[in-house]
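J.: kindly return the folded structure for what I paste below:
(one chain, ligands or ions: 2)
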Amino acid sequence: MNKETLQQSMYDLIVETSTNLPKDVRRAIRSAKERENAGTRAAMSLDTISNNVKMADDNVSPICQDTGLPTFKIKTPVGVNQLEIKDAIYAAMVQATKDGKLRPNSVDSLTGANSGDNLGLGTPVIKFEQWEKDYVDARLILKGGGCENKNIQYSLPCELEGLGRAGRDLDGIRKCVMHSVYQAQGQGCSAGFIGVGIGGDRSSGYDLAKAQLFRSVDDVNPNEDLRKLEEYVMDNANELGIGTMGFGGETTLLGCKVGVMNRIPASFFVSVAYNCWAFRRLGVKLDAEGGIAEWFYQEGEKIDLTQGSEIELETAAADAGEAPNVVTLQAPITEEQIRELKVGDVVKINGRMYTGRDAIHKYLSDNDAPVDLDGQIIYHCGPVMLKDDEGNWHVKAAGPTTSIREEPYQGDIMKRFGIRAVIGKGGMGPKTLAALKEHGGVYLNAIGGAAQYYADCIKGVDGVDLMQFGIPEAMWHLSVEGFTAVVTMDSHGNSLHEEVDKSSLEKLAQFKEPVFK
Ligand SMILES: O=C(O)C[C@H](O)C(=O)O
Ligand code: SF4
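T.: Ligands and ions are numbered 1, 2, ... in the order given. Down below sits the predicted model:
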């Protein structure tokens, strides 16, 4: 194979995967949109997601700012030099990171240092397999951290909340899969896709689960039992009412693929790999020179998800007969302004906000803040940023990150520094809810994965602190216009997340009785 051609093919594979949602995934999202009642928060979220998918495509920019752990699966004929392919992938990764198509995502687990170019111990993941065919098949998945954190592994038999005992049989497996969807709530940016691996050991079980994510969303399982299980899960998981982003709604799951392998007598694992709606995986067939001969997952017409419906947040809710309170906020915000906000209100933010995620929250718990945060807004976000030749920073992608990781710190930090609002996704827990009530704070839920949509609201980067934590973890000073989010936890003790969790657990219990005997 030609070195340059091969490298260009790997670069194109990376860029397309990060910026262009595959057609099978688009079809699944379109059906979800058709099911969702117009005017609800879920429908509004799906519209934002649709706009975002189009913007990413048009701008050739990341669909979501978290470009994940890049995992390549490569099949090669006997005799092909796998080391050359590896080198081409490394070079393409570095270039795609420089071009802002990937966020620098490789972090030293002990020191926290970001390598800056997506290369490092164990990253990217490249798995080779030999096969009898005479061409190279290269596939890539960019699976983000929020959904990765919602993966779950069950060891049968076990007791499951809402469902009771799950035994070592198909019905026990069914219960685990239903539970896996419930436990993810909106935190993995639902509506999601799941890959399920039955059997194996703890590591091969997860590998099998992840391998299912390489199946086409609309294929049919050749194993009759597994086909029935997949269909059952698709028919019933949406009854849980978790909905897009965990806002409640008709669609919680967009795809379910199950694989099986043998196990050893003492172990019986059911492993579930959860993937967000931003299901970025593509594949290519390479020709003898290393050029792209064919793309996978791209059969059928290309779907523009924005066609047919474009509902703004306010009109959506107004159509549903529940015109929301739309409030414009500009920092510094007073306690009185915050106390007026209630769950369900829509907030539009203009002016300043500061990003802060895992490293910043830990830092602020034992250090002074680099800026005065009194009355300010913290955005849980790790953006993709590029510096131009004049040294100015530009936002390339900037959606919210999962907020629950900051639960141990959030309430204390808000009180200590006088922060009035935090924006993130997936909601936070009881400790934060209590602090919001005591201090006069609010939690705002942005649409997870809508990285282009939010990047467009950011009109300027006015500064940055704590760059030693790397681009995604630094504290960026952003100037925004019309940044829209929904109040999902208010200062009166109300949490939409708590409500959806409670009602979906009650619904889960309806699936307790045996189905597969
Ligand atoms: O790291 C991120 O930007 C987001 C992450 O994928 C998440 O879902 O929390
Ligand atoms: S923010 Fe949401 S859409 Fe993006 S990678 Fe994380 S889970 Fe996926």
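J.: drop to CA atoms for contacts and neighbour counts, all remaining ones
T.: Fine.
J.: who's residue 377 bridged to?
T.: Beta-bridge pairing for residue 377 (DSSP bridges): residue 421.
J.: tell me how far it lies from ligand 2.
T.: Separation of residue 377 from ligand 2 (C-alpha to the nearest ligand atom, to the nearest Å): 19 Å.
J.: what is the neighbour count of that residue?
T.: Applying other C-alpha atoms under 10 Å, we find 29 other residues in the vicinity of residue 377.
J.: how about it, what does it touch?
T.: 331, 352, 353, 354, 419, 420, 421, 422, 423 (C-alpha atoms under 8 Å, 6 or more residues apart in numbering).
J.: and for residue 425?
T.: 187, 245, 400, 401, 402, 403, 444, 445, 446, 447, 448.
J.: quick check: residues of the stretch 51-200 of the chain near ligand 1?
T.: Residues of the stretch 51-200 of the chain lying near ligand 1 by C-alpha under 6 Å from any ligand atom: 65, 66, 144, 145, 146, 147, 188.
J.: run a quick neighbour tally on the last one.
T.: Residue 188: 30 surrounding residues under other C-alpha under 10 Å.
J.: and the fifth one, by the same measure?
T.: Counted with other C-alpha under 10 Å, residues neighbouring residue 146 total 25.
J.: state the pLDDT value of whichever residue of the stretch 201-350 of the chain sits closest to ligand 1.
T.: Closest to ligand 1 within the stretch 201-350 of the chain is residue 276: 8.1 Å, counting by C-alpha to the nearest ligand atom. Per-residue confidence at residue 276 stands at 98 (pLDDT).
J.: kindly report the same for residue 37.
T.: Reported pLDDT for residue 37: 80.
J.: my read: it touches residue 45, true?
T.: No. Contact between residue 37 and residue 45 fails when scored by C-alpha atoms under 8 Å: they sit 11.7 Å apart.
J.: those two: which has the busier surroundings?
T.: Using other C-alpha under 10 Å as the criterion, residue 37 and residue 45 rank with residue 45 on top: 23 against 15.
J.: now do the same for that one: its pLDDT.
T.: On pLDDT, residue 45 comes in at 91.
J.: residue contacts, it?
T.: Residues in contact with residue 45 (C-alpha under 8 Å, 6+ apart) are 244, 245, 447.
J.: wait, what's in contact with the last one?
T.: So the one you mean is residue 447. Residue 447 neighbours (C-alpha under 8 Å, 6+ apart): 45, 48, 49, 245, 399, 400, 425, 485.
J.: that one sits in which helix or strand?
T.: Counting by DSSP states H and E, there is no helix or strand that carries residue 447.
J.: for ligand 2, give me its nearest residue in the stretch 1-150 of the chain.
T.: Ligand 2 sits closest to residue 144 of the stretch 1-150 of the chain, with a gap of 3.4 Å, by C-alpha to the nearest ligand atom.
J.: list the contacts for the closest residue to that residue other than its chain neighbours?
T.: Spatial nearest neighbour of residue 144, chain neighbours left out: residue 68 (3.8 Å); criterion: C-alpha to C-alpha, 6 or more residues apart in numbering. Residues in contact with residue 68 (C-alpha under 8 Å, 6+ apart) are 105, 142, 143, 144, 145.
J.: can you redo the residues you listed as TSV with secondary structure, neighbour count and pLDDT?
T.: Output for those, formatted as TSV (DSSP: H, G, I helix; E, B strand; the rest coil; neighbours: other C-alpha atoms under 10 Å; pLDDT from 0 to 100):
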residue	secondary structure	neighbour count	pLDDT
105	coil	27	98
142	strand	23	98
143	strand	23	98
144	coil	24	97
145	helix	18	98
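J.: before we move on, the earlier item: and the residue nearest to residue 144, its phi and psi?
T.: phi 70, psi -160 (degrees, to the nearest 10).
J.: picking up where we left off before, the nearest residue to the residue of the stretch 201-350 of the chain closest to ligand 1 once chain neighbours are set aside pairs with what?
T.: Sequence neighbours aside, residue 192 is the residue nearest to residue 276 in space, at 4.5 Å (criterion: C-alpha to C-alpha, 6+ apart). When bridges are called by DSSP bridges, residue 192 pairs up with residue 253.
J.: endpoint to endpoint, stretch 366-385 covers what distance?
T.: Across stretch 366-385, the terminal residues are separated by 27 Å (C-alpha to C-alpha, to the nearest Å).
J.: buried stuff in that stretch?
T.: Across stretch 366-385, burial judged by 16 or more other C-alpha atoms under 10 Å covers 373-385.
J.: same deal with stretch 203-219?
T.: 204-217.
J.: could you do stretch 102-121 as well?
T.: For stretch 102-121, burial by neighbour count (16+ other C-alpha under 10 Å) applies to 102, 103, 104, 105, 106, 107, 114, 116, 117, 118, 119.
J.: show only the entries of these found in strands.
T.: Among the buried residues of stretch 102-121, no member falls in strands (DSSP state E).
J.: which of these fall in helices?
T.: When DSSP state H defines the helices, the subset of those inside them is empty.
J.: tell me the one of the residues you listed nearest residue 222?
T.: Closest approach between those and residue 222, by C-alpha to C-alpha: residue 102, at 35.7 Å.
J.: residue contacts, the closest one?
T.: 15, 18, 62, 65, 67, 93, 96, 384 are the contacts of residue 102 under C-alpha under 8 Å, 6+ apart.
J.: buried ones among those residues?
T.: Among the contacts of residue 102, those buried by neighbour count (16+ other C-alpha under 10 Å) are 15, 18, 62, 65, 67, 93, 96, 384.
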